[in-house]
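[1] sequence and predicted model, in that order:
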Amino acid sequence: MIVIIVLLVSSCINDLSDLAEGSDFTILGNSRSIIKGAAFGDSQPPIMKTVNLFVQNTIDGLYLDTNIKAIKNAHNDGFFIIIEIENKGSESYCFVELENIFYYDKNGNKLNAVADYAFSKGNTGQISTGFTDTCLFSNNKGIILLIEDFYNELSYITCDLYVSNYSKPTQIESIVQGEYYKYENKKLDVKFRNSGKNKVDINSLNFYLLRNVDNIPVEWGYFYTIDPSSGIFDINSMGTISENIYSLSYQVNQVEICFDYDPFLEAATNKGRIKYSRNVLTDSIVELEKQRNMKLKEMEYTYR
C-alpha cells in the first residue's frame, strides 16, 4: 500500500511540472508583444555561437544589432538567427528587408550559392489600399529571422539593408497584444486582446519566438490555430492562438508573438488585393517562412 501511494504522488508531481503559465506582458509594437512567466521545456543549455553581421550599406535612422547569435538545432546542423532592427529616425519604412545575404566559413568561402533575403516582422502599417507587417515607424523595433543548415561551418554574414522607396506606410491605430500563455501537455496557448481602435482580421498563422531567462531566442515557429476560427475580432475582444510543441530542447520563460492581421479601415477599399500573401500552408515551418518571404517580395513589386 505504501508503494502505491508513493507512485501516485510521483505521478501528480510529473503532471504539475508540465504546466507553465505567464502573464507579465509588454507591447513591443502594434503587432508584436512578449509575455514572461514560468519556465518550460528541457533544461539543457542551448548550443550557440556569436556571428558577425556585416551590413554593406546604411539607411537613415535604421540600426541593426550586428553582434548576433546563431542557435543550433538540437538534432541536426540547422540554425536560426534573430536580428533586432530599430528605427531611431523620423521616417517611416515598409518592406524592411535584408537582401543579398551571404553566409561564409572562416576561410571566406560562401556557404550559399544563391543570395538569400528576409523581411522584418512586428509592425503593421497601411500601404495604399492594403497592409503589411514589415513596417518600422519612428522609435519602432522589429525582428528579422535567418535560417540555414550549416551551423558548424558558419563564421560570418554579409548583407544589404533595403526598404521600399515606392510605398511609405501610414501608422494605424491598431494593436493586437498577447497577454497570457499556458504550456501544458506539450501544447502552447496564448490569449490575446485587440486593444486598438479598429476591428481586425487576424490570420491563423502567427509567428512566435521562445526566449530563455537570458532573453536569448532559442526556438521559433508559427501558431497554426486561432479561436474563434473566423479570425475577426471587435475592439477589446479576446481570442486564443495555439500550437502543439512536441519537442522543446531548451528551457524558456518568455513567449514573443508577431501577429499577422488586417485592420478594418474605411480607407482600405481593396483589402483583398494583398490577401494572397497570407494563408500559405505547409508542414514545414522553414518552408513556411521561405514562402512568406517570397510572397512579400511579390507584394512589394506590385507597389513599384
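    Okay, I see it. Numbers count the residues shown, from 1 in each chain.

[2] the lowest-mean-pLDDT helix or strand in the chain: what's the following helix or strand?
    Every helix and strand of the chain was ranked by mean pLDDT, DSSP states H and E. The lowest is helix 2-17, at a mean of 39. Going down the chain from helix 2-17, the next helix or strand is strand 20-27, by DSSP states H and E.

[3] now do that next one: everything it contacts.
    Contact with strand 20-27 is made by 33-40, 175, 177-184, 253-255, as judged by Cβ atoms under 8 Å, 6 or more residues apart in numbering. Using the backbone N, CA and C atoms, a C-beta is placed for each residue, glycine as well.

[4] one more time with 10 Å
    Contact with strand 20-27 is made by 32-41, 175-184, 188-193, 195, 251-257, as judged by Cβ atoms under 10 Å, 6 or more residues apart in numbering.

[5] helices or strands up against the next helix or strand after it?
    For strand 20-27, the following helix or strand on the C-terminal side (DSSP H and E) is strand 32-40. Secondary-structure packing of strand 32-40 (3 or more Cβ pairs under 10 Å, 6 or more residues apart in numbering; DSSP states H and E): strand 20-27, strand 140-148, strand 176-184, strand 187-194, strand 206-211, strand 252-258.

[6] let's have those strands in TSV, adding mean pLDDT, mean neighbour count and distance to Thr124.
    As requested, the helices and strands packed on strand 32-40 are exported to TSV (pLDDT from 0 to 100; neighbours: other Cβ atoms under 10 Å; distance: least, Cβ to Cβ, whole Å):
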stretch	mean pLDDT	mean neighbour count	distance to Thr124
strand 20-27	97	16	13
strand 140-148	97	21	11
strand 176-184	98	22	8
strand 187-194	98	20	12
strand 206-211	97	23	12
strand 252-258	98	23	10
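
[7] now render the ones you listed as CSV, adding distance to Phe79.
    Shown next, in CSV, are those (distance: least, Cβ to Cβ, whole Å):
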stretch, distance to Phe79
strand 20-27, 26
strand 140-148, 6
strand 176-184, 24
strand 187-194, 22
strand 206-211, 15
strand 252-258, 17
